[in-house]
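S.K.: The sequence and its predicted three-dimensional model are supplied below.
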Amino acid sequence: MKQILIISASPRGKDSASRSVADTLAGRLEDLYPSAKFVRHDLAVELLPHIDEITLRAISTHDPAEAQRLKKAAGQSDGLTDELLESDLLVIATPMWNFGIPSALKAWIDLVVRPGRTFRYSDGGVLGLAKDKKAILVLASGGVFTEGPWRPWDFVEPYLRQILSFIGIVDVQTIRVEGMNIPLLSADAVPRANQAIAKLAL
Ligand SMILES: Cc1cc2nc3c(=O)[nH]c(=O)nc-3n(C[C@H](O)[C@H](O)[C@H](O)COP(=O)(O)O)c2cc1C
C-alpha cells in the first residue's frame with residue numbers, strides 16, 4: 001500500500017461521527033501500513049469550486065493546443081485526479097445530507113470523474129481507468145438505512161458505489177454510523193462502527 005487518500009466531508013469537526021470513525025480507521029491503517037503516504041482532504045474546510053465554463057472546457061477539450069492554453073484552469077482537477085490515480089486505497093467519510101451526499105463531496109467527484117483520465121468510452125461501453133484500487137465508505141446518518149422503511153431513501157451508498165464502479169473502483173466496503181438522530185441508537189453508533197473496522201479486509 002503506497003498511498004491512502006482520505007476524503008472527509010462533514011463540517012461538524014470534533015462532533016462528526018463519520019470523521020471520528022474515519023480517524024479510528026486511519027489509525028488502524030497507519031499501524032498496518034507505516035510506510036504508506038496518507039493524503040487527506042477535509043472538504044468542509046477546503047471548499048472545492050463548482051465547475052465553471054473555463055474549467056469545464058479545460059478538462060474536456062480534445063484539442064492539445066487548447067488543453068495547453070487552458071492548463072491552469074485544469075490544474076486543480078488535474079492535481080486531485082492524479083492524487084486519486086496514485087492512491088491504492090480511497091476512504092470517503094461523509095454524512096448523509098438530505099438523503100444524498102453533501103455538495104462539497106459532489107464537487108470533489110465532479111473534479112475527479114474525468115473522461116480520458118478516470119474513465120473512457122470504448123466499443124464495449126464505459127471503461128473505468130482507476131484500476132487496482134480499494135475504497136472504504138464511512139457513512140453517517142441520522143436515521144437507519146441498512147434495513148427498514150427508510151432503506152429506499154438512501155442515495156448515498158448506492159450513488160457512491162455506482163460512481164466509483166464507473167471509474168473502475170469495484171472493491172468497496174462500507175462502515176455505517178447509523179441512527180445518529182435516534183436517541184436509542186446514537187450513543188452506540190460510533191462505538192459500533194469502530195468495532196466494525198475490525199471486520200474490514202484491510
Ligand atoms: C443539512 C443536514 C441534512 C441532513 N439530512 C439527513 C437525511 O436526509 N437523513 C438522515 O438520516 N440524516 C440527515 N442528517 C443527519 C446527519 O446525517 C447526521 O447528523 C450525521 O451524524 C452527520 O454526519 P457527521 O456526524 O459525520 O457530520 C442531516 C444533517 C444535516 C446537518
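M.R.: On my side now, so go ahead.
S.K.: Assign a three-state SS to the most centrally placed residue in the chain, would you?
M.R.: When CA atoms, centre = their mean is applied to the chain, the residue found nearest the centroid is residue 92 (3.6 Å). Of the three states, residue 92 takes strand under DSSP: H, G, I helix; E, B strand; the rest coil.
S.K.: just residue 199 next, same as before
M.R.: Following three-state DSSP, we place residue 199 in the coil state.
S.K.: neighbours around it, how many?
M.R.: 9 (other CB atoms under 10 Å). From N, CA and C alone the C-beta is placed, and that goes for glycine too.
S.K.: ok, now how distant is it from the ligand?
M.R.: Distance from residue 199 to the ligand, counting by CB to the nearest ligand atom, to the nearest Å: 20 Å.
S.K.: which parts of this structure sit against the ligand?
M.R.: For the chain, the contact set with the ligand under CB under 6 Å from any ligand atom comprises 10, 12, 16-19, 95-99, 140-143, 180-181.
S.K.: This structure: strands as residue ranges?
M.R.: 3-8, 37-42, 89-95, 119-122, 125-128, 134-140, 171-177 (DSSP state E).
S.K.: want to throw those strands into a markdown table with distance to residue 23?
M.R.: Shown next, in a markdown table, are the strands of the chain (distance: least, CB to CB, whole Å):
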| stretch | distance to residue 23 |
| --- | --- |
| strand 3-8 | 9 |
| strand 37-42 | 10 |
| strand 89-95 | 9 |
| strand 119-122 | 31 |
| strand 125-128 | 29 |
| strand 134-140 | 10 |
| strand 171-177 | 12 |
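S.K.: Mean pLDDT added to those strands, as TSV?
M.R.: Output for the strands of the chain, formatted as TSV (pLDDT from 0 to 100):
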stretch	mean pLDDT
strand 3-8	98
strand 37-42	98
strand 89-95	98
strand 119-122	94
strand 125-128	95
strand 134-140	98
strand 171-177	98
